[in-house]
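K.L.:
A predicted structure for the sequence below; I have some questions about it.
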Amino acid sequence: METLSDLIENLDKNEKIQFKKYLTLHAEKDNKYLQLFELVEKKTNISNEEAMKKLYGKNTKSYFMLKTRLINKILDFLALDNNLEISDERLTVSFQSIILRKQFIKAQILWERGIRSYILEETLMEILEKALESYSHDIALEVAIYLRRMDFNYQCNGKNINTIVNELRKAYNAEIIAGEVFSFYAQNAEKLSTVQKIKNHFERLMPELEQAIQGVNSPRAEWIYLYTLSEVQRVEHKFKDALQNISKCIQIAENHPKVVSNLQKGNFYYRKAAILFQNLQFEEAKIAFQSAFDIYPPKRMNSYIVKKYLAIIELLQGNLSVAKNILQELISPDSLKMMPYHTNLCKIYLAIAYFMEKNFKQAWFILPELDFLLEDKGGFHGYIRIFELILLIEREDFEVVNLKLDSFRKYLKKFNPDNKYLDLVYQIFNKLNLISYDYKTFSKDRLLQELKNCYWDPLDYEPIHFYSWIQSKIHQQDYINAWKETYQVLSTQKRNLLF
């Protein structure tokens, strides 16, 4: 349902009215397309099962065919809407290309039918000028070649048609290489920091793209080059260079709003915030995250994740009330249905905020239930068990600790026998239990050193939470200070994160 909901939610009020009229032009009395459209319009998070029941009263393949056809109808409507003008600031380069291609096809039809008046020549030249203005280089190249083939005497800014064709070929070539770079990056971003062949691939592609964009007026190819270069530099810990290049991307977005979509502009601010965040520049990161949030559509995954990181920064700065307010907004029943993973993660951070205030009862209450996490045995499930043990120890409910510790052991044996981190945590809990929670004996313990050598992710609440907790016990310091220190030290050491 997500694609259909996304499309309908992104239509403005006038587009929805026009599309409903479009649906009723040749429709029968029982207009299922219109019924499904209005169902999703009223309730964007409606499930397939609920929509199917309302439309057909039973499970049927007809519903899924209807949904697919409705998506195609919306796309046809957007592509062919004659009310969209080239000057419309809402249009990105992709929509402009669709409209220009439609006009170009009409001009070709006139030419092929022998209608070769001055109107045709003016139409083609107008299409070319608009394509150049909007950086639709693929259409511009086709039209320019067509004009040259027809021996039209065309000049633009003192350049003849041959010069224009040559320049467009270079620009289009740069965009093709840029497209390959960006496509490869998008498919392999998660592996960028760990897989050498990814880096080798970029070492081949990036010089080729850098050479292709030299002397070429293509904002799209330029931002893709700078954006990808910034990501590579971030992985290599060259944060100053990475920040400089992502800032150039934002400037391109500001100068060329028709070339860079609003969503992509939001992504630029998000990446800038990620770099600042990893470099522990929290105030600057908050500003960049807020810029991304203001651009992203409301109530969507992107804006939700941005708010989550804003809450984490407030936690790191000790602003617990602000952090709790943000997190409370993010754990609504609607978000739990639409984004269960991220919503439960926010519950964990909210529990940490209460833990920092030593409100252990409320921290326990807010934790996600284990039943919900049964399918995630390797991650969330084990971490919730650890958090429960910490809370029980803080509440000095040691009899229940013993029961939970035995349950943790059985869980590890059945579901995670090879998880080194969880096994180490269990051993530490077990040893503490045997020595009646005497934390001082752990100050130089081998298990803690092994734990520190495990893989650390500064955005993973559990390793930070457990390690900070036990360090605060050993050094008899306030937990919130231990958490902030641990977070900053480990963030500095482990920066190969891709947001």
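P.N.:
Yep, that arrived.
K.L.:
If you count neighbours, what's buried in the lengthiest helix in the chain?
P.N.:
Assignment by DSSP state H gives helix 161-188 as the longest helix of the chain. Neighbour counts using 16 or more other Cβ atoms under 10 Å place 161, 164-165, 167-168, 170-175, 177-178, 181-182, 185 of helix 161-188 among the buried residues. For the C-beta atoms, the positions are set from N, CA and C on the backbone; glycine is no exception.
K.L.:
Run through the stretch 51-200 of the chain and note the low-pLDDT ranges.
P.N.:
59, 75-76, 78-96, 110, 112-119, 152-157, 185-200 (pLDDT under 70).
K.L.:
what's the longest helix of the chain packed up against?
P.N.:
Judged by 3 or more Cβ pairs under 8 Å, 6 or more residues apart in numbering; DSSP states H and E, the packing partners of helix 161-188 are helix 137-149, helix 196-212, helix 219-235.
K.L.:
Kindly reformat these as TSV containing distance to residue 282.
P.N.:
Converted to TSV, the helices and strands packed on helix 161-188 look like this (distance: least, Cβ to Cβ, whole Å):
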stretch	distance to residue 282
helix 137-149	41
helix 196-212	29
helix 219-235	17
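K.L.:
of all the ones you listed, which gets the most neighbours per residue?
P.N.:
helix 219-235 (a mean of 23; mean count of other Cβ atoms under 10 Å).
K.L.:
now that one against helix 137-149, angle please.
P.N.:
150 degrees (axes from the mean of the first three to the mean of the last three Cα atoms, to 10 degrees).
K.L.:
Now the element after helix 219-235, going C-ward?
P.N.:
Moving toward the C-terminus from helix 219-235, the next helix or strand (DSSP states H and E) is helix 239-255.
K.L.:
dump the residue contacts of residue 243.
P.N.:
Counting by Cβ atoms under 8 Å, 6 or more residues apart in numbering, residue 243 touches 230, 272, 275, 276, 279.
K.L.:
Next: residue 22.
P.N.:
73, 77.
K.L.:
Please apply the same query to residue 293.
P.N.:
303, 306, 307, 310.
K.L.:
any chance of those residues in CSV, plus pLDDT?
P.N.:
As requested, the contacts of residue 293 are exported to CSV (pLDDT from 0 to 100):
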residue, pLDDT
303, 89
306, 92
307, 92
310, 93
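K.L.:
In JSON lines: these, plus neighbour count.
P.N.:
Listed next are those as JSON lines, based on neighbours: other Cβ atoms under 10 Å:
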{"residue": "303", "neighbour count": "17"}
{"residue": "306", "neighbour count": "23"}
{"residue": "307", "neighbour count": "20"}
{"residue": "310", "neighbour count": "21"}
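K.L.:
Let's see which of those end up in helices.
P.N.:
Reading helices off the contacts of residue 293 with DSSP H, I get 303, 306, 307, 310.
K.L.:
okay but residue 264 is in contact with residue 253, surely?
P.N.:
Yes. With contact defined as Cβ atoms under 8 Å, residue 264 and residue 253 form a contacting pair (7.0 Å).
K.L.:
Comparing these two, which shows the higher neighbour count?
P.N.:
residue 253 (22 against 16; other Cβ atoms under 10 Å).
K.L.:
Please tell me I have it right and that one contacts residue 263.
P.N.:
No. The criterion here is Cβ under 8 Å, and residue 253 misses it with residue 263 at 10.5 Å.
K.L.:
which residues do these two both contact?
P.N.:
Contacts common to residue 253 and residue 263, judged by Cβ under 8 Å, 6+ apart, are absent.
K.L.:
Walk me through the domains of this protein.
P.N.:
Residue ranges for the domains of the chain, per automatic domain parsing: 2-80, 369-499.
K.L.:
quick one: average confidence on the last one?
P.N.:
Right, domain 369-499. Over the span of domain 369-499, the pLDDT mean works out to 78.
K.L.:
I'd like the numbering to begin with 870 instead of 1 from here.
P.N.:
Understood, numbering begins at 870; the last thing we discussed is domain 1238-1368.
K.L.:
so how far is it off the chain centroid?
P.N.:
29 Å (Cα atoms, centre = their mean, to the nearest Å).
K.L.:
can you check stretch 1003-1023 too?
P.N.:
37 Å.
K.L.:
so where's the stretch 1120-1269 of the chain shaky on pLDDT?
P.N.:
Checking the stretch 1120-1269 of the chain against pLDDT under 70 turns up 1238-1248.
K.L.:
Only the buried residues of stretch 1215-1229, if you could.
P.N.:
Buried, per 16+ other Cβ under 10 Å, within stretch 1215-1229: 1215, 1216, 1217, 1218, 1219, 1220, 1221, 1222, 1223, 1224, 1225, 1229.
K.L.:
From those, which land in strands?
P.N.:
Judged by DSSP state E, strands contain none of these.
K.L.:
TSV for the residues you listed, including distance to residue 1204?
P.N.:
Formatted as TSV, the buried residues of stretch 1215-1229 follow (distance: Cβ to Cβ, whole Å):
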residue	distance to residue 1204
1215	8
1216	11
1217	14
1218	14
1219	13
1220	16
1221	19
1222	18
1223	19
1224	22
1225	23
1229	25
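K.L.:
Nearest to residue 980 among those residues?
P.N.:
residue 1215 (59.6 Å; Cβ to Cβ).
K.L.:
Leaving out sequence neighbours, find the closest residue to the closest one.
P.N.:
residue 1199 (4.4 Å; Cβ to Cβ, 6 or more residues apart in numbering).
K.L.:
was I right about that neighbour contacting residue 1172?
P.N.:
No. Between residue 1199 and residue 1172 there is no contact under Cβ under 8 Å: 10.3 Å.
K.L.:
give me the number of residues near residue 1173?
P.N.:
Around residue 1173 there are 20 residues (other Cβ under 10 Å).
K.L.:
any idea how far it lies from residue 1163?
P.N.:
14 Å (Cβ to Cβ, to the nearest Å).
K.L.:
cool, and residue 1195?
P.N.:
Applying Cβ to Cβ to residue 1195 and residue 1163 gives a distance of 15 Å.
K.L.:
who's more crowded, those two?
P.N.:
For residue 1195 versus residue 1163, neighbours defined as other Cβ under 10 Å are more numerous around residue 1195 (23 against 12).
K.L.:
That one: which element?
P.N.:
Here residue 1195 is assigned to helix 1189-1199, by DSSP H and E.
K.L.:
who touches residue 1155 in this structure?
P.N.:
1142, 1179, 1182 are the contacts of residue 1155 under Cβ under 8 Å, 6+ apart.
K.L.:
residue contacts, the residue nearest the centre of the chain?
P.N.:
Centroid-nearest residue in the chain, with Cα atoms, centre = their mean: residue 1171, separated by 5.3 Å. Neighbouring residues of residue 1171 by Cβ under 8 Å, 6+ apart: 1132, 1135, 1136, 1139, 1161, 1165.
K.L.:
Provide the secondary structure category for the residue nearest to residue 1225 when sequence neighbours are not counted.
P.N.:
Distance criterion Cβ to Cβ, 6+ apart; nearest residue to residue 1225, sequence neighbours excluded, is residue 1349 at 4.5 Å. Under DSSP: H, G, I helix; E, B strand; the rest coil, the three-state class of residue 1349 is helix.
K.L.:
Would you quantify the distance from residue 1349 to residue 1186?
P.N.:
Taking Cβ to Cβ, one finds residue 1349 at 10 Å from residue 1186.
K.L.:
ok, these two, which is more surrounded?
P.N.:
Shown here are residue 1349 and residue 1186; by other Cβ under 10 Å, residue 1349 has more neighbours (20 against 14).
K.L.:
show me where this structure has strands.
P.N.:
1024-1025, 1028-1029.
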